[in-house]
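no letters, just coordinates:
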């Protein structure tokens, strides 16, 4: 991926920035925690409240909004909408996935990595009570997943291989194609956690062919908490039926049957109860805006900003822990006291976050080179907190 020219880098945020009011007061570079609020997402919540005030329980509109979001996620991932399940969070999605896997037979091993988000790791370790064995693959010295170690950890007893697309702690990018090949060579299912990449990196599940991919709408998809999703590969998972379920997972959600479990045959069988309807309104607006700008254009722009930040931190004598060989759409910077550094930057009206002792800076298409330069100027004022 090439860095955009200065003119192109300026054009993207200039064309969209005024739709995000937070930039009137702050330099917001924290999209891997929460996407900035746009005018369209705020208006979507107003639409929901107006609908609630004027019509009450408008089920047709609410179910229609759910299907709209399902279609948008399908477009985002390059798959048919029936291969998409909508959940309240990625945690709910992962729990539903694992409930459809039997660990009592020969395949009782879950292979995960030390790049995983705690939700994934906790869900996998919870299966030890069901007879699963969890193996954790370490990263190499640079913070990149060691694919040779992954290959050695996966065998014919492996049921699930779990990998993040991008690590939330250090921003390391995982070679998903290689991970999928390793798992499938041994007959294991692959679960990809794309929460820290979806919207900021192109993802084509039809080409990649994981068995499951999970994500959510509140980060680079510019929405709010309450909407998670998963891709369910119809070619490899048709025989799997979750035991974690709810009435929206039924073949006919309005049949209201209490006599038997009759799940949908599509990805909807991984859904649960009534969705967080207000969040669906926000998700439709946020994902729609992201698709309007374009994931490819966003990825190219973000890569340029991250390169600018990496170079600036190096000039300050700081240490970027995001691997240069496998960078994701965020930059993690080592700090001697990251809480003090985040607070100091907030006092200077720069919003960032921290994980694992590192400062996290995560730009989006609305950020400009001037935002990065402002962040670097503030870091220069607090160089004593850089490691």
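Ah, there it is. Note that this is a predicted model, so its numbers are computed, not measured.

what's the longest helix along the chain packed up against?
With secondary structure taken from DSSP state H, the chain has its longest helix at helix 295-315. Counting contacts by 3 or more CB pairs under 8 Å, 6 or more residues apart in numbering; DSSP states H and E, helix 295-315 packs against helix 6-16, strand 331-334, helix 369-381. Placement of C-beta: from N, CA and C, glycine included.

closest to residue 218 out of these?
helix 6-16 (18.6 Å; CB to CB).

and the longest strand along the chain, what's its mean pLDDT?
Scanning the chain for the longest strand, with DSSP state E as the assignment, gives strand 158-164. In this model, strand 158-164 carries a mean pLDDT of 98.

so which elements touch the helix or strand following that strand?
Per DSSP states H and E, the first helix or strand lying C-terminal to strand 158-164 is helix 176-185. In terms of contacts (3+ CB pairs under 8 Å, 6+ apart), helix 176-185 is packed against helix 147-153, strand 158-164, strand 189-193, helix 205-208.

what strands line up against the helix or strand that comes right after the shortest one, and which way round?
In this case it means helix 205-208. Counting by DSSP H and E, the next helix or strand C-terminal to helix 205-208 is strand 212-216. Strand pairing for strand 212-216, determined by DSSP bridges: strand 189-193 (parallel), strand 228-232 (antiparallel).

got a list of contacts for the last one?
The contact list for strand 228-232, computed with CB atoms under 8 Å, 6 or more residues apart in numbering, reads 69-70, 73, 77, 79, 83-93, 96-97, 205, 210-217, 266-267, 270.

distance from that strand to the middle of the chain?
Offset of strand 228-232 from its chain centre (CA atoms, centre = their mean, to the nearest Å): 11 Å.

now do the buried residues in the helix or strand that that strand is followed by.
With elements assigned by DSSP H and E, the helix or strand that comes after strand 228-232 is helix 234-237. Going by neighbour count (16 or more other CB atoms under 10 Å), the buried part of helix 234-237 is residue 237.

confidence score at the closest residue to residue 319 other than its chain neighbours?
With sequence-adjacent residues excluded and distances taken as CB to CB, 6 or more residues apart in numbering, residue 319 is closest to residue 334, at 4.2 Å. In this model, residue 334 is scored at 97, pLDDT.

and residue 334, what does it touch?
Residue 334 sits next to 318-321, 357-359, 386-387 when contact means CB under 8 Å, 6+ apart.

switch the cut-off to 6 Å
Taking CB atoms under 6 Å, 6 or more residues apart in numbering as the criterion, residue 334 is in contact with 319, 321, 358, 387.

reformat these as a markdown table; add pLDDT.
Formatted as a markdown table, these follow (pLDDT from 0 to 100):
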| residue | pLDDT |
| --- | --- |
| 319 | 96 |
| 321 | 95 |
| 358 | 95 |
| 387 | 92 |
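
narrow those residues to those in strands?
With strands taken from DSSP E, the overlap with those comprises residue 358.

list buried residues within the contacts of residue 334.
In the contacts of residue 334, the ones that pass as buried (16+ other CB under 10 Å) are 321, 358, 387.

the second one contacts residue 330, doesn't it?
No: with contact defined as CB atoms under 6 Å, residue 358 and residue 330 do not form a contacting pair (10.0 Å).

residue 303 versus the residue sitting furthest away from the middle of the chain, what's the distance?
Distance from the centre of the chain peaks at residue 259, with 37.1 Å (CA atoms, centre = their mean). Taking CB to CB, to the nearest Å as the measure, residue 259 falls 54 Å from residue 303.

tally of neighbours for residue 355?
Residues near residue 355, counting by other CB atoms under 10 Å, number 18.

I meant residue 351, not that one.
Residues lying near residue 351 (other CB under 10 Å) number 18.

any idea how far the nearest residue to residue 297 once chain neighbours are set aside lies from residue 196?
Ranked by CB to CB, 6+ apart and with sequence neighbours excluded, the top spatial neighbour of residue 297 is residue 12, at 6.4 Å. Note on residue 12: its distance to residue 196, by CB to CB, is 21 Å.

comparing the two, which shows the higher neighbour count?
Under the criterion of other CB under 10 Å, the comparison of residue 12 against residue 196 puts residue 196 first, with 29 against 23.

helix, strand or coil for that one?
coil (DSSP: H, G, I helix; E, B strand; the rest coil).

so what's it up against?
Residue 196 neighbours (CB under 6 Å, 6+ apart): 32, 166, 168.

and with 10 Å instead?
31-33, 115, 117, 164-169, 171, 173, 215-216, 219-220, 328-330, 362 (CB atoms under 10 Å, 6 or more residues apart in numbering).

residue 70 too?
Residue 70 makes contact with 80-86, 229, 266-268, 271, 280, 284 under the criterion CB under 10 Å, 6+ apart.
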